[in-house]
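K.L.:
curious how this folds, go ahead:
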Amino acid sequence: MKKIKSLPESKLNEISSLIGASFWDYPYEAGEGGLKAFLPTRKAMDEYMKALVVAGIESCTFFSTDGGEGYILITDSQGAHPNLRSTVKMIRGMKKAIGGWRKLFRFLKQTGVGDETLESRMKKQKKPYIKVEMLIVTKEFQRQGYMRKLVEFAFSMADKKGCACILDTDAKGKCDRYIHLGMRLERTRQTAGFKLYDLIYEPKKRS
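P.N.:
Alright, predicted model coming up:
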């Protein structure tokens, strides 16, 4: 695994497109597909992912497998996350991709509808955590063990910090794979129009 600290624009666009394709072409079931439901085109998905990738690079939280088969963006509750400048840039990029402020706010509001999120609950309880903001294996390399490598990288980080690793996903199929790899389904949230699955990995106890 390697941390990505910078990319030329052409490579940035290429990676964003690979990530976007994996999300856009995922076979969602009925009542799933949260983000995709708010984006009008595949190009818009690419632009949305580019905003995330740029924020991850600027905050040193974006990693890839050695050969670029998969990517993961990991933040934590102790300061490893985009700063204000990067956050503003990311939100503007998301706004452009999704089609304006009104649509972006609607999406953000709907993803928070329903039960309290696992992240917000941990913040209230002042429990440290790391969060997988994005994890993707590009289409060419899916089902070849790279998802396990990315997930285990996140788990090792949680073990080292002695805190939980959390994530949410928008598909039952993805949820099932995370459970198979060692996470536990904490809860299923019914948002306005689709489901979100909150998962957690709790660190190994040190002897």
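
K.L.:
so which residue is dead centre in this structure?
P.N.:
In the chain, the residue lying closest to the centroid (Cα atoms, centre = their mean) is Met134, at 2.0 Å.

K.L.:
strand partners of the helix or strand that contains that residue, parallel vs antiparallel please.
P.N.:
Element membership of Met134, judged by DSSP states H and E, is strand 129-137. Strand 129-137 pairs in its sheet with strand 70-76 (antiparallel), strand 164-169 (parallel), by DSSP bridges.

K.L.:
follow-up on the earlier one: what's the closest residue to the residue nearest to the centre of the chain other than its chain neighbours in contact with, if anything?
P.N.:
Using Cβ to Cβ, 6 or more residues apart in numbering and skipping residues adjacent in sequence, the residue nearest Met134 is Leu73, 4.2 Å away. Every residue, glycine included, has its C-beta placed from N, CA and C. Shown in contact with Leu73 (Cβ atoms under 8 Å, 6 or more residues apart in numbering): Leu52, Val53, Gly56, Thr61, Phe62, Phe63, Val132, Glu133, Met134, Leu135.

K.L.:
do the same with Cys175
P.N.:
Contact partners of Cys175, counting by Cβ under 8 Å, 6+ apart, are Thr169, Leu185, Tyr197, Leu199.

K.L.:
hey, where'd the strands end up in the protein?
P.N.:
Using DSSP state E, the strands assigned to the chain run over residues 2-3, 62-64, 70-76, 129-137, 164-169, 184-190, 195-201.

K.L.:
how many other residues sit next to the spatially closest residue to Phe62 that is not a sequence neighbour?
P.N.:
Distances taken as Cβ to Cβ, 6+ apart place Gly56 nearest to Phe62, at 3.0 Å, with adjacent residues excluded. Here the count is done by other Cβ atoms under 10 Å, and Gly56 has 25 residues near it.

K.L.:
if I look at Gly56, how far off is Tyr197?
P.N.:
Look at Gly56 and Tyr197: by Cβ to Cβ, to the nearest Å, they are 22 Å apart.
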